[in-house]
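S.K.: Kindly generate the corresponding structure for this input.
(one chain, ligands or ions: 3)
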Amino acid sequence: MAAAAAAVHEPEVIRDKAAMRAWSRRRRAEGKAVALVPTMGFLHEGHLSLISAAVAASAGPIAVVVSIYVNPSQFAPTEDLATYPSDFAGDLRKLAATGVVAAVFCPPDLYVRGSADRPSAAGASGGAVSCLEDAGGHAHETWIRVERLEKGLCGSSRPVFFRGVATVVAKLFNIVEPDVAVFGKKDYQQWRVICRMVRDLDFAIQIVGSEVVREADGLAMSSRNVNLSEEDRKKALSISRSLVDARTAALSGSNRSQEIKDQIVRTITEAGGQVDYVEIVGQGKLGACGEDGPPLCNLCRGLVWKGQAN
Ligand SMILES: Nc1ncnc2c1ncn2[C@@H]1O[C@H](COP(=O)(O)OP(=O)(O)OP(=O)(O)O)[C@@H](O)[C@H]1O
Ligand SMILES: CC(C)(CO)[C@@H](O)C(=O)[O-]
Ligand code: BAL
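M.R.: Ligands and ions are numbered 1, 2, ... in the order given. Below is the predicted model of the structure:
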């Protein structure tokens with residue numbers, strides 16, 4: 001017998017901040033919890049798993065909002081803002097097919113821009129640190145910095161990334177006013193930064209961290225995977241392979257974090273990859289684990305690394 005087709009539910013598309021806030025308030029007045037899944041679009045199964053996690057997080061009626069916004073302030077001018085993949089029509093089809101997404105928030109812009117005839121905060125001669133700071137005048141100038149957690153790991157090669165993420169997520173929280181928000185542990189440092197911001201700034205929002213979704217061959221799903229050539233994709237498999245080996249070493253009793261890190265670097269380098277960093281850290285504070293820090297007990301889930309897509 002054929003399986004019953006999943007219900008398709010066309011989500012409401014909302015582009016305006018005030019309309020989004022009003023929509024959320026109406027859902028709450030109806031007795032529903034509002035769950036937010038922030039994304040930058042070009043959706044894949046990893047994103048859809050966050051939607052399932054949002055539904056699972058709520059005991060009662062829930063209205064799920066997925067935001068699609070490629071946030072310029074988290075990109076350095078040297079990064080790929082202009083070429084970030086997008087397929088809005090495809091995203092809407094995927095969201096409708098889940099049957100559980102009530103609204104898609106896709107604002108054209110979330111920032112107040114300055115006027116070009118007034119000096120830029122970055123200086124008339126440029127010097128912008130993110131893709132947002134090109135406008136000057138009375139442009140956006142308020143930033144959230146999670147001062148310790150934003151440093152190191154991915155923050156070393158992307159010094160304005162977490163400032164941009166924390167600020168845009170706070171803006172999304174203020175606009176959507178969710179009860180629950182879901183983030184992927186693929187971006188492990190990002191998830192921890194957001195948890196800390198929510199704690200420190202008293203946002204009344206439950207933050208859910210959702211497990212990494214991988215392709216059958218182990219590659220973590222990621223929107224930017226579409227940019228990989230067949231050859232690069234094969235090289236990228238060395239990332240998950242090296243992590244599985246690291247976990248095996250840790251589970252079999254190794255407490256030598258430097259050896260484990262060296263082995264990860266070797267596996268990726270031998271496959272033709274270039275390593276930004278490999279660190280073994282505790283899950284909460286993201287501080288060093290192993291020889292220089294606390295014991296390696298959290299290794300299996302606390303590994304954080306950067307290659308493409310954790
Ligand atoms: N494979 C995955 N498993 C679990 N969560 C994921 C996965 N991929 C993305 N997410 C989560 O989805 C949310 C939105 O991520 P985003 O839209 O940047 O997609 P992405 O695939 O991470 O893109 P990129 O290729 O830019 O890293 C984030 O919370 C991210 O951690
Ligand atoms: C959380 C986020 C949507 C903020 O722009 C982004 O960093 C992402 O998609 O991971
Ligand atoms: N999910 C990560 C978003 C970024 O790399 O900008």
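
S.K.: Next, find the distance separating the residue of the stretch 51-200 of the chain found nearest ligand 1 from Ser252.
M.R.: Nearest residue of the stretch 51-200 of the chain to ligand 1: Gly184, at 2.2 Å (C-beta to the nearest ligand atom). In this view, the C-beta of every residue, glycine as well, is placed from N, C-alpha and C. Applying C-beta to C-beta, to the nearest Å, the value for Gly184 to Ser252 is 28 Å.

S.K.: Of these two, which one has the most company?
M.R.: Taking other C-beta atoms under 10 Å, Gly184 and Ser252 do not tie; Gly184 has more neighbours (25 against 7).

S.K.: and the nearest residue to that one once chain neighbours are set aside, how far is that from Leu50?
M.R.: Spatial nearest neighbour of Gly184, chain neighbours left out: Ser210 (5.4 Å); criterion: C-beta to C-beta, 6 or more residues apart in numbering. Separation of Ser210 from Leu50 (C-beta to C-beta) stands at 5 Å.

S.K.: mind giving me the domain split of the protein?
M.R.: Annotated domains of the chain cover 12-210, 223-306 [automatic domain parsing].

S.K.: Now render those domains as JSON lines, adding distance to Asp217.
M.R.: Shown next, in JSON lines, are the domains of the chain (distance: least, C-beta to C-beta, whole Å):
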{"stretch": "domain 12-210", "distance to Asp217": "14"}
{"stretch": "domain 223-306", "distance to Asp217": "6"}
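
S.K.: and those, which one is worst for confidence?
M.R.: Mean pLDDT is lowest for domain 223-306 out of those, coming in at a mean of 82.

S.K.: sorry, back to before: which residues are common contacts for Ser210 and Leu50?
M.R.: Counting by C-beta atoms under 8 Å, 6 or more residues apart in numbering, the contacts common to Ser210 and Leu50 are 182-184.

S.K.: Filter these down to just the ones in helices.
M.R.: Among the shared contacts of Ser210 and Leu50, none falls in helices (DSSP state H).

S.K.: of all the residues in the stretch 151-300 of the chain, which ones are close to ligand 2?
M.R.: The stretch 151-300 of the chain comes close to ligand 2 at residues 165, 168-169, 187, 190, as judged by C-beta under 6 Å from any ligand atom.
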